[in-house]
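> any chance you could fold what I've pasted below:
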Amino acid sequence: MSAARSTGTWAETAVARFLQANGYPHAERRALAGQADRGDIAGIPGLVIEVKNEKAMRLAEYLDEAHAEARNAGAALAVAWHKRRKKGSPGEWYVTMDGWDFLALLDAWTYARLEDMSDAH
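The predicted structure is shown next:
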């Protein structure tokens, strides 16, 4: 295995384990699928996660790749989860999305909060 693939595998595994430990027990690394790739992390319906562990950040490329993979997967949301220098935990890394995906996430979160508030009455 090449050094680049090894660092990528390490980051993907770290993100999957972080998600599992924080309420997403079905999160797992997805096998490579070439042209039909559907993201690096599986197990969260409707979401594609593209994991990156590179010295230089290329956010536009990461998001373009995540969106192409979301189309392949039929997923509504796409994010790039990328390692932050000198930070070992994925909880301290960056998660990047475009404004459309952020709006969809915000709408879902706001709707869930409104539902919780109406259930309390």
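> what are the buried residues along the helix or strand harbouring Ser6?
Assessed by DSSP states H and E, Ser6 sits inside helix 3-21. Using 16 or more other CB atoms under 10 Å as the test for burial, helix 3-21 gives Gly8, Ala11, Glu12, Thr13, Ala14, Val15, Ala16, Phe18, Leu19. C-beta: built from backbone N, CA, C; applies to glycine.
> check which element follows that helix along the chain.
strand 28-29.
> stretch 26-40: how far from the chain's middle?
Mean-position distance between stretch 26-40 and its chain equals 11 Å (CA atoms, centre = their mean, to the nearest Å).
> who's in contact with it?
For stretch 26-40, contacts defined as CB atoms under 8 Å, 6 or more residues apart in numbering pick out 9, 12-13, 15-16, 19-20, 41-44, 48-51, 66, 68-70, 72-73, 75, 78.
> how about the helices in the chain?
Here the chain has its helices, by DSSP state H, at 3-21, 59-73, 99-119.
> what mean pLDDT does stretch 42-58 get?
Averaging pLDDT along stretch 42-58 gives 95.
> state the distance from the residue nearest to Asp98 when sequence neighbours are not counted to Glu28.
With sequence-adjacent residues excluded and distances taken as CB to CB, 6 or more residues apart in numbering, Asp98 is closest to Leu63, at 5.9 Å. Separation of Leu63 from Glu28 (CB to CB, to the nearest Å): 23 Å.
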